[in-house]
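Enquirer: 3D, please:
(chains A, B and C)
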Amino acid sequence: MVKDEDVGEFICNECGLVILEDMLDLRPEWRAFTLEESRAKRRTGPPTDYSRYDKGLSTTMWITRDASGQPIPSKARQQMWRLRRWQIRSTMHGKSRNLMKAMDVIQRLSEKLHISSSVQETAAMLYRKALDKDLVRGRSIASIAAAALYAACRLTEIPRSLEEMAKVSLREKKEIASGYRILVRRLKIKMPIHDPLNHLTKIAEKAEISGEVQGLAVKILREAKQKHMTLGKDPRGVAAAVLYVACQLKNKDVTQKRIADAANITEVTIRNRKKELMKRLSILRKRRRQLKKDRF
DNA sequence: CTTTAGACGAAGTATTA
DNA sequence: TAATAATTCGTCTAAAG
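Expert: You can find the predicted model right below:
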């Protein structure tokens, strides 16, 4: 990870992805001289960050003297007036109002889908960028906010599906999907390729598959990855198929349908992935012969 | 009757020129 | 931006248990 101080961005040196614009000053904005004071001033709730709709700018500026008590030169004061005006305007209407609403949506959806605050911040950052580029005009705030959150999940490889997003946001999947595509295209986001491993436990849990079988599934998946069988395939399909064959090896009675439902894919996809796995993975070779024998 | 396997076209996605 | 290739999905048919 490269920290580029000049432009204030973190850049991943593998994929060139810009992680975060505007570096944050993480120091507290207050000082405390006693323990009591410290306790009183300590805030609850989130620190100043991208989830705050105005980056903390709503603090009122009203200063005529500098820190040492000297009057501030008029030129500088004029500038401060301009800043203050801009600040007032930004809190009252226009984009900030928009942002406020979007942050609210992001927060609500995140709660429902158990999405961590760091991912929320990524989503907020994406939304802010979208707003700067005028991508929200003509589209609903809620759908773009949901799209930003979905994009943030994919960026951080948190497995949350479009379907889940659509369900909690009460919007059409199509709408969020198109918003997502616009974000990716216009913000030039480079999406990491999902590792099926990230989906494996989630699917297994939903389908109520034991940890023992999961362990075997992970092993199978490892070999599949080595042989580059996972690239370009739906990671959920791969994870589901691997789980399915693991169940068979352990003689667990689990139907394709059960796993397919848990993974939100179809049985067809599981079958296709399974066929490939059986053909090419050595782990499955022995067992395949045995299964064949058992039939006679 | 349920599960699994396979085939086909439709639909949406990614890559390339 | 448009064409091309690869992938998934829905549905149907059929075999196996």
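
Enquirer: distance of residue A:246 from residue A:232?
Expert: As judged by C-beta to C-beta, to the nearest Å, residue A:246 and residue A:232 stand 22 Å apart. Quick note: C-beta positions are derived from backbone N, CA and C, even for glycine.

Enquirer: would you agree residue A:282 is in contact with residue A:222?
Expert: No - using C-beta atoms under 8 Å, residue A:282 is not in contact with residue A:222; the gap is 12.0 Å.

Enquirer: the more surrounded of those two?
Expert: More crowded of residue A:282 and residue A:222, by other C-beta atoms under 10 Å: residue A:222, with 12 against 8.

Enquirer: for that one, which three-state class applies?
Expert: Following DSSP: H, G, I helix; E, B strand; the rest coil, residue A:222 is assigned to helix.

Enquirer: what's the pLDDT at it?
Expert: Note for residue A:222: predicted pLDDT of 92.

Enquirer: please apply the same query to residue A:241.
Expert: We have a pLDDT of 95 for residue A:241.

Enquirer: who's in contact with it?
Expert: If you count contacts by C-beta atoms under 8 Å, 6 or more residues apart in numbering, residue A:241 has them with A:269-270, A:272-274, A:277.

Enquirer: just the buried residues from the residues you listed, in ChimeraX please.
Expert: Selection command for ChimeraX covering only the buried members of the contacts of residue A:241, criterion 16 or more other C-beta atoms under 10 Å:
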select /A:269,270,273,274,277
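
Enquirer: pLDDT, secondary structure and distance to residue A:236 for the contacts of residue A:241 - can I get that in TSV?
Expert: Below are these laid out as TSV (pLDDT from 0 to 100; DSSP: H, G, I helix; E, B strand; the rest coil; distance: C-beta to C-beta, whole Å):
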residue	pLDDT	secondary structure	distance to residue A:236
A:269	95	helix	8
A:270	95	helix	10
A:272	94	helix	13
A:273	93	helix	10
A:274	93	helix	14
A:277	91	helix	15
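
Enquirer: residue A:144: which of the contacts of residue A:241 is nearest?
Expert: residue A:269 (29.8 Å; C-beta to C-beta).

Enquirer: the helix or strand containing residue A:217: which residues count as buried?
Expert: Per DSSP states H and E: residue A:217 is located in helix A:211-226. Applying a neighbour-count criterion of 16+ other C-beta under 10 Å, one finds A:213-214, A:216-218, A:220-221, A:223-224 buried in helix A:211-226.
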